[in-house]
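J.: just a sequence and a predicted model for now, questions to come.
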Amino acid sequence: MVSSFWPDFGNNGMAHATASHLQMLSDLNCKVSVIAPEVNFPLVKKNFDLYKIRATGTGSIYSPSIVNTSKMFKILSMVKPELIIIEGWQHALGHAAIRVGSKLGIKVLMVSHGISIHPYSFNIKNYFRYICWLPFSIFSLKSLIRKIDILIVLKKSKDSHRFYDYKIALENHVCIKEIPNAVKNNVTTIYGLNERKQNIIVIGYFSQIKNQLFALEVLKQLSHNIDLIFVGSKKGTYYNRCLNYVKRNNLSSNVKFFEDSEFDIQKGLQECILLLNTSITEVQPISIIEAISYGTPFIAKNNGVVKSISGGIVIDDFNTNKFCSSIENLLSNKNIWNTLSAQGRKEFEEKYSYEKNIEIFSDAILT
């Protein structure tokens, strides 16, 4: 298994997906070797052989890939794996593993979490970023996809630019398997609306992409007296902008900021009234899947495959009035809340539970 995304390195959806798939391999009694980047903090070793390789960059013009390819070649030649599983595109380590694995004739499986190349919004910064990714998109990505044997996608969909790799894989007749994100949650107690705390949770690192300022704008317009809890790394320019907005608009009594280490996300999602996702781009957020596993409804922008997830309200554009009215209706109408809660929990058990996904994952790696 090759990944640059691990819970030890950062708390994000990619890291949790990697950890989940590694656990599945362990539960399936597979002998696993892990290749991870050399970083300053350790990767906790659990039932696998660990190898570290110097690797930096993503593959764009502004972040060129630098990898100790000879070390990768030596490790894979020594281990002689039957299968290389790579978590996610756009990291040097994964791209190198595809090329080296293909040269050695080893079967390669890519677990795609979508491609992040096209502009998120119409501004100069995003278009510059897009231009810097064009060489990778036109030349490298297609070449890499032709070298893999299996592509796992979160959903077989061409509705978003984030699924550009799926389109290329189809054109090149690559074997494609659909495996959604999964959450391990065996909770049996689902709290009703009246048993919940009067708060809404927003999860994610502070950035324009996660768009927390919009969540604050929504809170400002709400007539309900409710708390907004942000969970994410409390640093950076965007975080400071959020702090200033709270102070300017006298929202301090209703807004709380927590680091990941300061907040029990599982308990928080189980006890809150609602998960609010204001990201301008997503594929299949694990935070939403985790929320519905506790019967917690969500409200989100129509991104990626979010619309296909039951148990929430999906809005087509960032209109504060639409978000506010949806939240107000949900909080004031117990029947709507109960219906969404039940729908989400049912869908989690049928599609997104760890137990369901390990069956599909096992089938994919044995293909």
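T.: It's in. Numbering: from 1, shown residues only.

J.: for the rest of this, base every contact and every neighbour count on C-alpha atoms.
T.: Will do.

J.: so what are the domain limits for the chain?
T.: As assigned by automatic domain parsing, the chain contains the domains 13-178, 193-352.

J.: which of the ones you listed has the lowest average pLDDT?
T.: Sorting the domains of the chain by mean pLDDT places domain 13-178 lowest, at a mean of 91.

J.: from residue 114, how far off is residue 156?
T.: Note on residue 156: its distance to residue 114, by Cα to Cα, to the nearest Å, is 11 Å.

J.: more neighbours, the two?
T.: Comparing residue 156 with residue 114 by other Cα atoms under 10 Å, the one with more neighbours is residue 114, at 23 against 16.

J.: ok, that one - contacts?
T.: If you count contacts by Cα atoms under 8 Å, 6 or more residues apart in numbering, residue 114 has them with 88, 89, 153, 162, 163, 164, 165, 283.

J.: looking at this, it is in a helix?
T.: No: applying DSSP: H, G, I helix; E, B strand; the rest coil, one finds residue 114 to be coil, outside a helix.

J.: phi and psi next, for it.
T.: For residue 114, the backbone dihedrals (degrees, to the nearest 10) come out as phi 90, psi 160.

J.: any idea how far residue 14 is from it?
T.: Per Cα to Cα, residue 114 is found 11 Å from residue 14.

J.: cool, residue 331 as well?
T.: From residue 331 to residue 14 the distance is 31 Å (Cα to Cα).

J.: hey, where'd the strands end up in the protein?
T.: Along the chain, counting by DSSP state E, strands occupy 33-37, 49-53, 55-56, 66-67, 83-87, 107-111, 150-153, 175-178, 199-203, 227-231, 255-258, 274-277, 298-301, 312-315.

J.: picking that back up, so which of the contacts of residue 114 sit within helices?
T.: Using DSSP state H, 164, 165 are the members of the contacts of residue 114 that sit in helices.

J.: in TSV: the contacts of residue 114, plus distance to residue 299 and neighbour count.
T.: Shown next, in TSV, are the contacts of residue 114 (distance: Cα to Cα, whole Å; neighbours: other Cα atoms under 10 Å):
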residue	distance to residue 299	neighbour count
88	26	22
89	28	23
153	24	21
162	21	21
163	22	23
164	26	19
165	27	22
283	15	19
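
J.: so which of the domains of the chain is the most packed in?
T.: Comparing the domains of the chain by mean neighbour count (mean count of other Cα atoms under 10 Å), domain 193-352 comes out on top with a mean of 19.

J.: distance between it and the chain's centre?
T.: Centroid displacement of domain 193-352 relative to its chain, using Cα atoms, centre = their mean, to the nearest Å, is 15 Å.

J.: if we can go back for a sec, so which of the domains of the chain is nearest residue 367?
T.: domain 13-178 (8.5 Å; Cα to Cα).

J.: and the end-to-end length of stretch 109-124?
T.: 36 Å.

J.: please renumber the chain so that the first residue is 46 from this point on.
T.: OK, 46 is where the count begins now, so the last one is stretch 154-169.

J.: nearest residue to residue 299 in space, please, no chain neighbours.
T.: Setting aside the residues directly before and after it, residue 299 is nearest to residue 272 in space (Cα to Cα, 6 or more residues apart in numbering), at 4.5 Å.

J.: kindly report the same for residue 302.
T.: Leaving aside its chain neighbours, residue 302 sits nearest to residue 275 (4.9 Å; criterion: Cα to Cα, 6+ apart).

J.: so that neighbour bridges to which residues?
T.: Listed beta-bridge partners, residue 275: residue 247, residue 302 (assigned using DSSP bridges).

J.: what sits against it?
T.: Shown in contact with residue 275 (Cα under 8 Å, 6+ apart): 246, 247, 248, 249, 300, 301, 302, 303.

J.: farthest pair within the residues you listed?
T.: 249 and 300 (15.2 Å).

J.: what are the contacting residues of stretch 301-310?
T.: By Cα under 8 Å, 6+ apart, stretch 301-310 touches 56, 272, 273, 274, 275, 276, 277, 278, 279.

J.: what's the most distant pair in those?
T.: 56 and 272 (23.4 Å).

J.: measure the closest residue to residue 326 other than its chain neighbours to residue 278 for me?
T.: Among residues not flanking residue 326 along the chain, residue 348 sits closest, at 5.8 Å (Cα to Cα, 6+ apart). Applying Cα to Cα, the value for residue 348 to residue 278 is 23 Å.

J.: again with residue 115
T.: According to Cα to Cα, residue 115 stands 36 Å off from residue 278.

J.: which stretches of the stretch 146-295 of the chain form helices?
T.: Using DSSP state H, counting those that start in this stretch, the helices assigned to the stretch 146-295 of the chain run over residues 169-180, 186-192, 209-216, 257-266, 282-293.

J.: how distant is the first one from the center of its chain?
T.: If I follow you right, that is helix 169-180. Its chain's C-alpha centre and that of helix 169-180 lie 22 Å apart, by Cα atoms, centre = their mean.

J.: in contact with residue 50, which residues?
T.: If you count contacts by Cα under 8 Å, 6+ apart, residue 50 has them with 59, 60, 63, 132.

J.: so residue 160 makes contact with residue 212?
T.: No: applying Cα atoms under 8 Å as the test, residue 160 and residue 212 come out as separate, 11.2 Å apart.

J.: how close does the closest residue to residue 237 other than its chain neighbours sit to residue 375?
T.: Spatial nearest neighbour of residue 237, chain neighbours left out: residue 383 (7.6 Å); criterion: Cα to Cα, 6+ apart. Distance, residue 383 to residue 375, by Cα to Cα: 9 Å.

J.: and residue 300, by the same measure?
T.: In terms of Cα to Cα, residue 300 sits 20 Å off from residue 375.

J.: could you do residue 165 as well?
T.: Residue 165 is 29 Å from residue 375, where distance means Cα to Cα.
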